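> Provided below for reference: sequence and predicted model.
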Amino acid sequence: MVTLPHYCGAPSVSLGSWLTAPWKSGSPALNWPQLAGRTVIGTFKGRTAISLACRLLGIGPGDEVLVPAYNCGTEVDALLSSGAHTIGFPISRHCDYAIEDIAARRTSRTKAVYVIHYFGWEQDGRELRRWCDDNGLLLIEDCALAMFSDGQHGSIGRLGDAAIYSLPKTFGSLHGGLLSLSSSRADAGPGLARVGATTLLQEVRHSSKDTALRILDRLGLYGPLMAMRTRAATGSIPSNDAHPDMPQDYYYQPEEDENRGLHPCARLVASAHPWEETCRLRREHYSRLLATLRGMDGVSPLFPDLPEGVCPLSLPLLVANRDVLVDRLERAGIAACPWWAGFHQSGIDWPQFPDACWLKRNLLTLPVHQSLDELHLEYIAETFVRILRLSA
C-alpha cells in the first residue's frame, strides 16, 4: 500500500521547523518580489488582513464593494464585517471577468473593487486599475491563491491599493495572512496583538497529523476518514438549484480573527522559505498531471496552459459528477477538493450568476504542492484516471 500522509491539499510545517529556524532579532524581512516597496503587515489569518484593509482604506457602513461572484465566501464575510455591502459581478466559466460587467454595477456608493487571482493565474488588472483611478475607486487584490505567481507585467499583487495573502495555502502553517499596502499608505500600519501559547499548542497538534495519518494508512482507515472529513466540511451538494451554505468556520468571527497579528515564528519560517524552488516544483507537478489527463473524456482542465511565471496552487479540473469523483478520490487517500462548493448566504445574489454557480458545482482540484514526490504524483494520476473511467 502507498503511504498517503502528504496528499493533503497543502504541505504541513512541523513545529520542529519553527524551533530550528535561525532566530533573528526583530521581524525578519519577507524578501519576495511581490512585496518589494510595499508596506506589509502580518495578520492572524487572510480574513484578518481583509478586515484590516477595510479599516485602513476607509471602507465601512454605507459603502459598496464590487466582488467576483465566484468566491470562497470567507472574503465576502470579512468585507461585510466592515459594515459595507457586497455587490457581485460575473465571472465566466474560464474564471475571468469583463470590465464592462464591473462598470455596469458601479453606483454612487461604490468604494472599491475586489478581484481574485484564481489558482495562481493572473487576472490582468492594468485596465481595471486605470478604470478604478478614473472613477476614484480603490482596488483590492486577493492573492491568497497566487502567492509567488507572476503575470504579464511582473509579480501579482502590486497593482492594488491593498493585496491579501494566505500562508497556510502555500506553507501549510496553521495560521497566517499578509496585508500588502501600496507605498502611498506606508504609514497606515496599526499595532496588532501577538498570538501566544494557544496558537503554538494548536501548531503542535497540527504537526502531529503526519504521524497519525501514517498509522491510519497502515490500518486501512485513511481514505474513509478523509471522505468523512470532506463530507462534514462541505456537506452534500444537492442536484437541484439550491445554494447550500458554506462551512460555518468560513464565516468571519471578530472575537477570533480580528486585531491579531502573525506569530513571529510563522514569519520566520516564511522568510526562510525557498520560494523559487516551490514555484519550480509546483510547475513540474502541474505539468506532469496535466499531461496525463489531457484529452481524456469527461475532464477538462480549467487552465490548459501554464504560462511562464505562474506558481499553481493546485490543478483545477472541470468534471461531470464532481461530488461522486471527490468522494471516490478521498476514499483512495487523495485530497481532491470540491472547490468552493458552498455559498455565502447573504453576500451574493446567486441566481444572477449561473456561471459562478456552475463552477461551484463542477470544479475539483488535485494537489500539486511542493511536498509531493514522484511516487505520489504517479499514484494520483493513475488513481484519477481509473476512477474517472469507472465513473463514466
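Sure, I can see it.

> so where's the stretch 101-250 of the chain uncertain?
184-191, 194-241 (pLDDT under 70).

> Please, where are all the helices along it?
126-134, 168-171, 197-207, 209-218, 222-234 (DSSP state H, counting those that start in this stretch).

> Nearest residue to the residue nearest the centre of the chain in space, please, no chain neighbours.
For the chain, the residue nearest the mean C-alpha position is Leu145 (3.9 Å; C-alpha atoms, centre = their mean). In space, and not counting its chain neighbours, Leu145 is closest to Leu313: 4.7 Å by C-beta to C-beta, 6 or more residues apart in numbering. In short, each C-beta sits where N, CA and C put it, glycine included.

> same deal with Trp275?
Nearest to Trp275 is Phe148, by C-beta to C-beta, 6+ apart, at 5.1 Å.

> quick one, what contacts the one you found?
Phe148 makes contact with Trp32, Gln34, Thr170, Trp275, Thr278, Cys279, Cys311, according to C-beta atoms under 8 Å, 6 or more residues apart in numbering.

> What distance do you get for the closest residue to the third one other than its chain neighbours to Trp32?
What it means is Thr170. Closest residue to Thr170 apart from its sequence neighbours, by C-beta to C-beta, 6+ apart: Met147 at 4.8 Å. Per C-beta to C-beta, to the nearest Å, Met147 is found 8 Å from Trp32.

> In contact with Ser391: list those residues for me.
Gly298, Asn321, Val324, Leu325, Arg328.

> How confident was the prediction at it?
Note for Ser391: predicted pLDDT of 78.

> Quick check on it: phi, psi?
Dihedral pair for Ser391: phi -90, psi -10, per degrees, to the nearest 10.

> Likewise for Ile87?
Residue torsions, per degrees, to the nearest 10, at Ile87 are phi -120, psi 120.

> Same question for Ser371.
According to degrees, to the nearest 10, Ser371 has phi -80, psi -10.

> Now do the SS call for Cys95.
Secondary structure assignment for Cys95 (DSSP: H, G, I helix; E, B strand; the rest coil): coil.

> Wait, it touches His117, no?
No. Look at Cys95 against His117 with C-beta atoms under 8 Å: they stay out of range, at 9.5 Å.

> what are the ranges of the helices in the stretch 251-392 of the chain?
Under DSSP H, counting those that start in this stretch, the stretch 251-392 of the chain gives helices at 254-257, 264-271, 275-293, 322-331, 354-362, 374-391.

> The closest residue to Glu127 other than its chain neighbours and Asn135, how far apart?
Once flanking residues are discounted, Glu127 sits nearest to Ile99: 5.8 Å by C-beta to C-beta, 6+ apart. Going from Ile99 to Asn135 by C-beta to C-beta gives 11 Å.

> So which of these two has more stuff around it?
Relative neighbour count places Ile99 above the other of Ile99 and Asn135, with 14 against 11, counting by other C-beta atoms under 10 Å.

> and that one, what does it touch?
Contacts of Ile99 by C-beta under 8 Å, 6+ apart are Glu127, Leu128, Trp131.

> try Gly298
So Gly298 contacts Val319, Ala320, Leu388, Ser391, Ala392 (C-beta under 8 Å, 6+ apart).

> got the domain boundaries for the protein?
Following automatic domain parsing, the chain resolves into domains at 5-9+206-241+273-391, 17-185.

> quick one, which of Cys95 and His117 is more surrounded?
Comparing Cys95 with His117 by other C-beta under 10 Å, the one with more neighbours is His117, at 25 against 21.

> Excluding residues flanking it in the chain, which one is nearest the more buried one?
His117 sits nearest to Ala146 (C-beta to C-beta, 6+ apart), 3.9 Å away.

> Kindly tell me how buried that neighbour is, as a neighbour count.
Using other C-beta under 10 Å as the criterion, Ala146 is surrounded by 31 other residues.

> check contacts around it.
So, once contact is read as C-beta under 8 Å, 6+ apart, Ala146 ends up touching His117, Tyr118, Phe119, Gly120, Trp121, Glu122, Ile156, Gly157, Cys311, Leu313.

> okay but the fifth one is in contact with Leu313, surely?
This means Trp121. No. Contact criterion C-beta under 8 Å: Trp121 and Leu313 do not qualify, at 9.4 Å.

> avg pLDDT for stretch 320-339?
Stretch 320-339 shows a mean pLDDT of 94.

> List every C-alpha atom in that stretch, with coordinates, as CSV.
Output of stretch 320-339 as CSV, limited to C-alpha atoms (Å, rounded to 0.1, in the frame of the first residue of the first chain):
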residue,chain,number,x,y,z
ALA,A,320,-19.2,15.8,-14.5
ASN,A,321,-20.4,14.1,-11.4
ARG,A,322,-17.9,16.1,-9.4
ASP,A,323,-19.1,15.1,-5.9
VAL,A,324,-19.0,11.4,-6.8
LEU,A,325,-15.5,11.8,-8.1
VAL,A,326,-14.4,13.7,-5.0
ASP,A,327,-15.9,11.1,-2.7
ARG,A,328,-14.1,8.2,-4.5
LEU,A,329,-10.8,10.0,-4.7
GLU,A,330,-10.9,10.8,-1.0
ARG,A,331,-11.6,7.2,-0.2
ALA,A,332,-8.5,6.4,-2.2
GLY,A,333,-6.5,8.8,0.0
ILE,A,334,-6.2,11.7,-2.5
ALA,A,335,-7.3,15.1,-1.2
ALA,A,336,-9.4,16.1,-4.2
CYS,A,337,-11.3,19.3,-3.2
PRO,A,338,-14.8,20.3,-4.4
TRP,A,339,-13.5,23.8,-4.7
